[in-house]
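Colleague: I'd like to go over a predicted model; first the sequence, then the structure.
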Amino acid sequence: MRLGVNIDHIATLRQARKTFEPDPIKGALIAIEAGADQITLHLREDRRHIQDEDLFRLKCEFNEKNITVPINLEMAPTEEMLNIALEVLPNTVTLVPEKREEITTEGGLDIISHKNLLKDFIKRLKESSIRVSLFMDPDFEQIDASIEVGADAIELHTGEYANAYGSQIQKELNRLKEAAKYASQKGILVFAGHGLNYQNVYEVAKIKEIEELNIGHSIIANSIFMGLYNAVKEMKSIINKARGEI
């Protein structure tokens, strides 16, 4: 299973002072050294953490150092973001919903209600050889719609599982298992992320149909105490144990 390390909250800390440190690009390089299989970053419309320059610098740094670890750009399906993606050419674009007032992404895309928009949007990205993933709730109808609009992959929103208590935890885990199995049988790649941490990631990582997890906040938060290298290493180790790889 691949681990995508989201570097957004390195930039969150930097933007608190509008200064130059900590540098999310340096964080990306440390994460890769520690075993990250992908670098994920979310360029939000309000630029609350990652800035345009970060994205361009990351791509340039990878090109200059011949780093082949893929870049996954999370973004809203807007014309502004499309133009940026077509200029930078990340390996993957993950389309996510955005609300200006939200603290973090609160749910998945409503693909069913935006089929025509998404179909055209995805077509334009794929014409530039960008793989397209849709961030979505574990819902069979939304999975069917994601296939209809031409997505290469889905990323299951694990937030409800991460926030669940008591018996609700298993209920949400079962939803993820069923959605992952359904999507895989339909022939679409399955990823997952949101709210995953060192305590709850194990059970999600055991779901064999899920090929990739994207995790940011918990890794960056724990890097304060563990150091970023060790924080990534520890997360990767938990995932590998869940998959029976160590």
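Modeller: Structure's in. What do you need? Residues are numbered from 1 along each chain as shown.
Colleague: okay, which residue is most central for the chain?
Modeller: Asn214 (4.2 Å; C-alpha atoms, centre = their mean).
Colleague: show me where the protein has strands.
Modeller: Listed in chain order, the strands of the chain (DSSP state E) span 2-6, 38-42, 71-75, 92-95, 131-136, 153-157, 189-193, 212-215.
Colleague: surely His9 meets His217?
Modeller: Yes - if you go by C-beta atoms under 8 Å, His9 and His217 touch, sitting 5.5 Å apart. Yep, even glycine has a C-beta here, placed from its N, CA and C like the rest.
Colleague: out of those two, which sits in the more crowded spot?
Modeller: More crowded of His9 and His217, by other C-beta atoms under 10 Å: His9, with 22 against 16.
Colleague: spell out the residue ranges of the helices in the protein.
Modeller: For the chain, helices defined by DSSP state H occupy the ranges 8-15, 24-33, 52-64, 79-88, 115-126, 140-148, 159-163, 167-185, 201-205, 217-226, 228-242.
Colleague: would you mark the buried spots in stretch 161-178?
Modeller: 161-162, 164, 169, 172-173, 175-177 (16 or more other C-beta atoms under 10 Å).
Colleague: and it, how far out from the chain middle?
Modeller: 20 Å (C-alpha atoms, centre = their mean, to the nearest Å).
Colleague: shift numbering so it begins at 55
Modeller: New numbering, starting at 55: the last item is stretch 215-232.
Colleague: ok, and what's touching it?
Modeller: Contacts to stretch 215-232, defined as C-beta atoms under 8 Å, 6 or more residues apart in numbering, come from residues 192, 210, 212, 214, 246, 248-251, 254, 257-258, 261.
Colleague: where in the protein is pLDDT low?
Modeller: Within the chain, the ranges that satisfy pLDDT under 70 run 153-160, 300.
Colleague: buried only: go through the contacts of stretch 215-232 for me.
Modeller: 192, 210, 212, 214, 246, 248-250, 254, 258, 261.
Colleague: from these, which is closest to Leu282?
Modeller: Proximity of these to Leu282 (C-beta to C-beta) peaks at Leu250, which lies at 17.0 Å.
Colleague: returning to that earlier point: make CSV from the helices of the chain and add distance to Pro124 to it.
Modeller: Converted to CSV, the helices of the chain look like this (distance: least, C-beta to C-beta, whole Å):
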stretch, distance to Pro124
helix 62-69, 17
helix 78-87, 11
helix 106-118, 9
helix 133-142, 13
helix 169-180, 15
helix 194-202, 20
helix 213-217, 24
helix 221-239, 20
helix 255-259, 19
helix 271-280, 17
helix 282-296, 16
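Colleague: and Glu152, which of these is closest to it?
Modeller: helix 133-142 (9.5 Å).
Colleague: show me what counts as buried in that closest one.
Modeller: 135-136, 138-139, 142.
Colleague: pull out the buried residues from stretch 183-192.
Modeller: Judged by neighbour count (16+ other C-beta under 10 Å), stretch 183-192 contains these buried residues: 184-192.
Colleague: tabulate these (TSV), appending distance to Val150.
Modeller: What follows is the buried residues of stretch 183-192, written out as TSV (distance: C-beta to C-beta, whole Å):
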residue	distance to Val150
Ile184	15
Arg185	15
Val186	12
Ser187	9
Leu188	8
Phe189	4
Met190	9
Asp191	12
Pro192	15
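Colleague: from Lys235, how far off is the nearest residue to His63 once chain neighbours are set aside?
Modeller: The spatial neighbour of His63 that comes closest, neighbours along the chain excluded (C-beta to C-beta, 6 or more residues apart in numbering), is Ile274 at 4.1 Å. Ile274 sits 31 Å away from Lys235, going by C-beta to C-beta, to the nearest Å.
Colleague: the two: which has the busier surroundings?
Modeller: The residue with more neighbours, out of Ile274 and Lys235, is Ile274; 25 against 15, by other C-beta under 10 Å.
Colleague: surely the more buried one and Ile64 touch.
Modeller: Yes - counting by C-beta under 8 Å, Ile274 does reach Ile64; the two are 5.9 Å apart.
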